[in-house]
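Enquirer: sequence and predicted model, in that order:
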Amino acid sequence: MRVVEAFRAAYGADPQTVWRAPGRVNLIGEHTDYNDGFVLPFAVPWGVTAAITPRTDGTIRLLSLQAPGEPVTLTSHDQSAGWTRYVVGVFAMLGERVRGADIAIDGDVPPGAGLSSSAALEVAVASALNDLHGLGLTPMEVALLSQKAENDFVGMPCGILDQAASALCEEGHALFLDCRSLASRNIPLDLAAHGLSMLIIDTQVHHQHADGEYAKRRAECESAARKLGVPALRDVTDLAAALDQLQGDERKRTMHIVTENHRVEALIGLLRAGAVTEIGALLNASHLSLRDQYEVSSPELDVAVEAAVRGGARGARMTGGGFGGSAIALVPVERLSSVEESVTAAYAEHGFQAPRFLPATPARGAHRLA
Ligand code: GAF
């Protein structure tokens, strides 16, 4: 394993453990996680591998094969920048339970595709430290600790979706997660058995204002819930009555969250019934709601979704936080090339940078490699 070779070359010994954690796509249930709602992600085959040996002096030495150079030396009190803060954040959350480490990182999540490479990094490191120090954290506790690192240390007010997917997913399954109770169930997702493939369309665009808009959406949802007198938008039972009490953006955000939670449940119902081909309509509806009510799509995502459906996809939607990143399209295998051609042609017509296509098969969540 090349991460082990890099570890040995930098630190002069073998690592005590090696863990891998994946990125994710979200099949449906977007922006519902921080509204105590439902999500249905699956892990992608790309992830982050962390080779680690604990230290006892509080020092964190860190290198990445994707950032060539000497190892960076930090402590859990340092406000680091860039990718290292996701690692330091995990140490900061673990506090006195850990006393530094030597770490080598290798990652193959396509950069900037919105497939949660940062959650994969947090979960790989947290899982390895949990294992090395016998902390006894469950995979969900590892996910929660990683989310806290991102909220409190990195300063991104994300929900639990990405970290839970990275920590808990199983190969060949999607993860149905109730973000309030944290009850989760792995749902079989055998697309190939239905002659289908899930195509990731990476727009290769990341809009700079994404983080600010994310925090704004979250605040709007919390404000709407307060006005409605419910703990979270998940608790809205009478949508028409709720919409009557709200105006403007808060009205639109509520519309999305309430209907999106229903779409997650409907999609699970279809999967249970074996009607996998039929989930496409729900993917399309989710995208329209994210575009028009939640307003987190982008021209590149909209063009990708429209062109994918025109090219023969059963359904398509943006996935993840939005404002760039990736869309997913549910495509009959025999239509894959026609969908790719349709999207490529539409991008050229709009003068967009060519997209990247990645086939996504549901992969395994965090696990020990050595
Ligand atoms: C980002 C966040 F990190 C998740 O918590 C989630 O809210 C997602 O956007 C939208 O569903 O990936």
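Expert: Here it is on my side, so go on.

Enquirer: centroid residue for the chain?
Expert: Residue closest to the mean C-alpha point of the chain, counted by CA atoms, centre = their mean, is D162 at 3.6 Å.

Enquirer: let me know the helix or strand that it is in.
Expert: Using DSSP states H and E, D162 sits within helix 161-168.

Enquirer: tell me the mean pLDDT over that helix?
Expert: Model confidence over helix 161-168, given as mean pLDDT, is 98.

Enquirer: give me the helices and strands touching that helix, please.
Expert: If you count contacts as 3 or more CB pairs under 8 Å, 6 or more residues apart in numbering; DSSP states H and E, helix 161-168 packs onto strand 17-28, strand 38-54, helix 117-132, helix 139-148, strand 173-178, strand 184-188. Bear in mind the C-beta positions are built from the backbone N, C-alpha and C, glycine included.

Enquirer: what does the stretch 1-150 of the chain put close to the ligand?
Expert: Proximity of the stretch 1-150 of the chain to the ligand (CB under 6 Å from any ligand atom) is limited to residues N26, E30, H31, D33, Y34.

Enquirer: hang on, isn't the second one packed against A327?
Expert: In this case it means E30. No: the pair E30 / A327 is not scored as a contact, 11.5 Å apart, by CB atoms under 8 Å.

Enquirer: which neighbours do these two have in common?
Expert: Counting by CB atoms under 8 Å, 6 or more residues apart in numbering, the contacts common to E30 and A327 are R317, M318, T319.

Enquirer: how many neighbours does Q353 have?
Expert: Neighbourhood size, Q353 [other CB atoms under 10 Å]: 11.

Enquirer: how many residues are close by the closest residue to it other than its chain neighbours?
Expert: Nearest non-adjacent residue to Q353, counting by CB to CB, 6 or more residues apart in numbering: Q204, 5.4 Å away. Using other CB under 10 Å, Q204 has 19 other residues around it.

Enquirer: so Q204: helix, strand or coil?
Expert: When classified by DSSP: H, G, I helix; E, B strand; the rest coil, Q204 comes out as strand.

Enquirer: so when I look at R291, I'm seeing a helix, right?
Expert: Yes: assigned with three-state DSSP, R291 falls within a helix.

Enquirer: reduced to three states, what does the nearest residue to Q293 once chain neighbours are set aside come out as?
Expert: In space, and not counting its chain neighbours, Q293 is closest to H256: 4.0 Å by CB to CB, 6+ apart. Under three-state DSSP, the three-state class of H256 is helix.

Enquirer: so H256 versus I52, what's the distance?
Expert: Distance, H256 to I52, using CB to CB, to the nearest Å: 40 Å.

Enquirer: and these two? Which one has more around it.
Expert: Neighbour totals were compared for H256 and I52, and H256 leads with 27 against 23 (other CB under 10 Å).

Enquirer: for that one, list the residues it contacts.
Expert: Going by CB under 8 Å, 6+ apart, the list of residues near H256 reads H31, S289, L290, Q293, Y294.

Enquirer: next one: A224
Expert: Residues near A224 by CB under 8 Å, 6+ apart: L233, L246, E250, R251, R253, T254.

Enquirer: mind listing what the last one touches?
Expert: What it means is T254. T254 neighbours (CB under 8 Å, 6+ apart): C221, A224, L228, L233, V236, L239, A242, L243, L246.

Enquirer: repeat that with 6 Å
Expert: Shown in contact with T254 (CB atoms under 6 Å, 6 or more residues apart in numbering): A224, L233, A242, L246.

Enquirer: ramachandran angles for the nearest residue to it once chain neighbours are set aside?
Expert: Closest residue to T254 apart from its sequence neighbours, by CB to CB, 6+ apart: A224 at 4.9 Å. Phi and psi for A224, reported as degrees, to the nearest 10, are phi -60, psi -40.
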